[in-house]
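>>> Dropping a prediction and its sequence here:
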Amino acid sequence: MEKIITAIKGVQGWVPEYRLTNDELSKMVDTSDEWIMQRIGIKERRILKEKNKATSDMAAAAIKALLKKTNTDPGNVDLVICATITPDMLFPSTSNLVCYKAGLENAWGYDLLAACSGFMFALETGNRFIQSGLYKKVIVIGADKMSSITDYTDRTTCPLFGDAAAAVLLEPSDDDNGIIDHIFGVDGSGYKYLNLKAGGSLNPASHETVDNKEHFIYQEGQTVFKVAVSKMADVSVEIMKRNNLTSEDISWFVPHQANMRIIEATAKRMNLKKEKVMINIDHYGNTTAATIPLCLWEWEPKLKKGDKIILSAFGGGFTWGSIYLKWAY
Ligand code: UT7
């Protein structure tokens with residue numbers, strides 16, 4: 001049997017309208033536009049303000065627009081994998097809700113939790129369902145309503161995050177363009193430095209967990225920063241070597257958008273010119289599972305068939321990884 005290659009056949013993002021600027025944040029906590037731009041590189045982030053709207057609403061909006069633009073019948077979608085750390089509820093899965101809200105009557109789905117590497121892990125998983133010959137249309141989505149777990153009185157975390165969703169449609173490739181290789185890793189001992197302490201089976205929600213603000217993101221920024229820089233650069237360089245790619249060969253690098261300094265350090269280790277690096281952290285911030293597909297969506301008009309692209313991420317867990325693919329349209 002001929003080998004099936006999985007291609008991304010469409011990408012679509014969805015962001016809320018509300019822009020939370022550094023100036024507005026400066027009125028909420030003791031910070032400044034200058035500090036945030038220098039240390040992180042974010043100017044504004046989008047926040048889902050509407051009441052009773054959650055991660056699944058952003059995801060469903062992205063999927064509906066994706067199906068429209070790719071002329072895909074919702075009834076033909078086989079599977080939805082939703083990467084998120086901010087599910088609407090602990091159960092049912094956000095993916096279930098998304099299938100319902102986007103009218104995907106014949107699809108099944110599940111959530112995948114790998115924090116900022118979530119989209120990457122989900123993309124590789126979706127790839128395997130296509131590659132096996134089992135399915136013809138798989139949607140992989142990264143979606144996070146980070147504002148729902150952000151403490152807007154904590155200046156060390158509240159400037160970092162934004163809300164967004166972005167989805168890709170996977171189908172068998174018509175040629176040799178598509179997903180080629182991946183390198184992934186996890187290190188559970190890193191859980192101490194970046195987590196959400198309560199609401200799970202370890203520390204169920206209680207008055208005490210609420211009083212202690214344990215339903216918000218906890219991060220030891222400097223430690224995470226150091227590991228992120230080394231892991232993201234290592235894995236990006238490794239995937240280049242393994243596929244005999246020089247910096248000249250690479251058309252685009254799509255890094256997770258956590259900190260401008262991490263992106264620059266990684267690109268430097270890869271010996272890449274800045275023009276080849278997709279960066280939108282300045283206007284969307286860190287949208288966790290959504291950053292990478294959100295970049296692909298924004299850059300989609302510039303992408304050409306056959307473009308050699310490397311995706312890389314590092315996130316809570318710790319989790320990290322790189323994917324090498326050739327753009328298919
Ligand atoms: O996406 C998942 C993975 N996450 C990451 O990759 C994030 C990795 N970490 C980072 O990006 C950075 O560590 C941060 C952006 C979170 C923080 O930057 P930093 O350069 O590591 O700052 P720091 O935590 O070492 O803090 C330096 C100083 C401290 O003051 P003192 O102790 O030197 O007086 C902080 O209190 O900056 C202070 N500070 C702030 N000042 C103004 C911390 N946050 C702020 C703020 N505004 N928002």
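Sure, I can see it. Being a predicted model, the structure only gives us computed values, none of them experimental.
>>> Which parts of the stretch 1-150 of the chain are strands?
For the stretch 1-150 of the chain, the strands defined by DSSP state E, counting those that start in this stretch occupy 6-14, 18-21, 44-47, 79-83, 108-112, 138-145.
>>> can you tell me which of those comes nearest to the ligand?
Ranking the strands of the stretch 1-150 of the chain by proximity to the ligand (Cβ to the nearest ligand atom) places strand 138-145 first, at 10.6 Å. Any C-beta I mention is one placed from the backbone N, CA and C, and that applies to glycine too.
>>> For that closest one, what does the pLDDT average out to?
Mean pLDDT, computed over strand 138-145, is 98.
>>> That one close to the ligand?
No: Strand 138-145 is not in contact with the ligand by Cβ under 6 Å from any ligand atom; minimum separation 10.6 Å.
>>> quick one: that strand to chain centroid distance?
Distance of strand 138-145 from its chain centroid, counting by Cα atoms, centre = their mean, to the nearest Å, is 8 Å.
>>> for the next helix or strand after that strand, the distance to its chain's centre please.
Tracing the chain C-terminally past strand 138-145 and defining elements by DSSP states H and E, one meets strand 163-172 next. Centroid separation for strand 163-172 versus its chain: 10 Å, with Cα atoms, centre = their mean.
>>> Could you list the paired strands of the helix or strand that strand 163-172 is followed by along with their orientation?
Following strand 163-172 in sequence order, the next helix or strand is strand 179-186 (DSSP H and E). Note on strand 179-186: by DSSP bridges, its sheet partners are strand 319-326 (antiparallel).
>>> which residues touch the partner strand?
Outside strand 319-326, the residues that touch it by Cβ atoms under 8 Å, 6 or more residues apart in numbering are 8, 114-118, 120-121, 123-124, 176-186, 231-232, 235-236, 238-239, 243, 245, 306-314.
>>> What about the residue in the stretch 201-329 of the chain that the ligand sits nearest to, how many residues nearby?
Residue of the stretch 201-329 of the chain nearest the ligand, by Cβ to the nearest ligand atom: Gly221 (2.9 Å). For Gly221, the neighbour count with other Cβ atoms under 10 Å is 16.
>>> Over to Lys3?
Lys3 - counted by other Cβ under 10 Å - has 6 other residues nearby.
>>> Equivalent analysis for the one 5 residues further on, please.
Using other Cβ under 10 Å, Ile8 is surrounded by 27 other residues.
>>> same thing with Met28?
Met28 has 13 nearby residues by other Cβ under 10 Å.
>>> hang on, the earlier thing: buried ones among the contacts of strand 319-326?
Buried members of the contacts of strand 319-326, scored by 16 or more other Cβ atoms under 10 Å, are 8, 114-118, 120-121, 123-124, 177-180, 182-184, 231-232, 235-236, 239, 245, 307-314.
>>> what helix or strand is the nearest residue to Ser247 once chain neighbours are set aside on?
Spatial nearest neighbour of Ser247, excluding adjacent residues (Cβ to Cβ, 6 or more residues apart in numbering): Asn271 at 4.2 Å. Using DSSP H and E, Asn271 falls within no helix or strand.
>>> what's the spacing between Asn271 and Glu248?
In this view, Asn271 and Glu248 are 9 Å apart by Cβ to Cβ, to the nearest Å.
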